[in-house]
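Participant: Sequence and predicted structure, then a few things I'm wondering about:
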Amino acid sequence: MSVYMNRTLKIASAVVLTLMLASISGFAQQQRQNQAPAAANAWRDRMRSEMIAFYTSEIGLTPAEAQVFWPVHNQAEQEQMKLIQKVGEAYMALEKALDSKASESEIEAKLQAYNKAIDARNQFDASLMTRYGKVLSKEKIARLYVAEEKFRRNQIHRLHVPGAPNPPQQGGRQAQR
């Protein structure tokens with residue numbers, strides 16, 4: 001597998017994991033505290049604000065760059081969410097076919113649909129560098145990918161250690177200042 005495809009898979013996995021963590025953490029928090037839906041929305045808004053601040057800082061976006069970058073990123077994120085949802089739906093259909101002891105041909109059709117959904121998501125992820133390249137330098141695109149991974153790892157840490165602050169950064173922009 002090429003390095004580029006490997007990175008693409010990592011990004012897609014990071015997005016899926018971050019969204020799952022956000023959903024699970026938000027749900028668990030809501031259940032523990034019996035919070036109203038407005039509180040869950042506030043949690044998502046806070047998470048989004050943290051992400052934006054973290055990415056902006058890690059990438060080193062200027063105000064002018066941020067103004068053109070965030071609309072591109074937000075649009076890409078919406079498209080990516082639809083593709084991730086299609087992968088999830090195809091996976092659930094495949095799992096259901098296996099659980100119901102479907103015929104070999106039905107399982108093959110579900111498997112092909114699942115692989116097609118994954119391929120579509122991977123092709124989209126591969127196109128992101130071109131999209132981002134229209135508004136950011138290669139260095140800042142690389143910093144974006146690193147920031148995404150750092151943010152994902154921070155969220156995993158927070159999920160496993162409730163109430164814990166974000167772990168200290170290893171290297172990165174913080175150490176360079």
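Facilitator: All right, it came through fine. Numbers count the residues shown, from 1 in each chain.

Participant: Identify the single longest helix in this structure, thanks.
Facilitator: helix 63-99 (DSSP state H).

Participant: quick check: mean pLDDT across that one?
Facilitator: The average of the pLDDT scores along helix 63-99 is 95.

Participant: Return the set of buried residues in whatever helix or strand comes next after it.
Facilitator: Heading C-terminal from helix 63-99, the first helix or strand you meet, by DSSP states H and E, is helix 104-133. By neighbour count on 16 or more other CB atoms under 10 Å, the buried set for helix 104-133 is 110, 113-114, 117-118, 121-122, 124-125, 128-129, 131-132. Backbone N, C-alpha and C define where each C-beta goes, glycine included.

Participant: Ile59: which of those residues is nearest?
Facilitator: Comparing those against Ile59 with CB to CB places Tyr132 closest, at 10.2 Å.

Participant: To what extent is the residue nearest to that closest one when sequence neighbours are not counted buried, counted in neighbours?
Facilitator: Leaving aside its chain neighbours, Tyr132 sits nearest to Ile141 (4.8 Å; criterion: CB to CB, 6 or more residues apart in numbering). Counted by other CB atoms under 10 Å, the residues lying close to Ile141 total 18.

Participant: I'm done for today, thanks for sticking with me.
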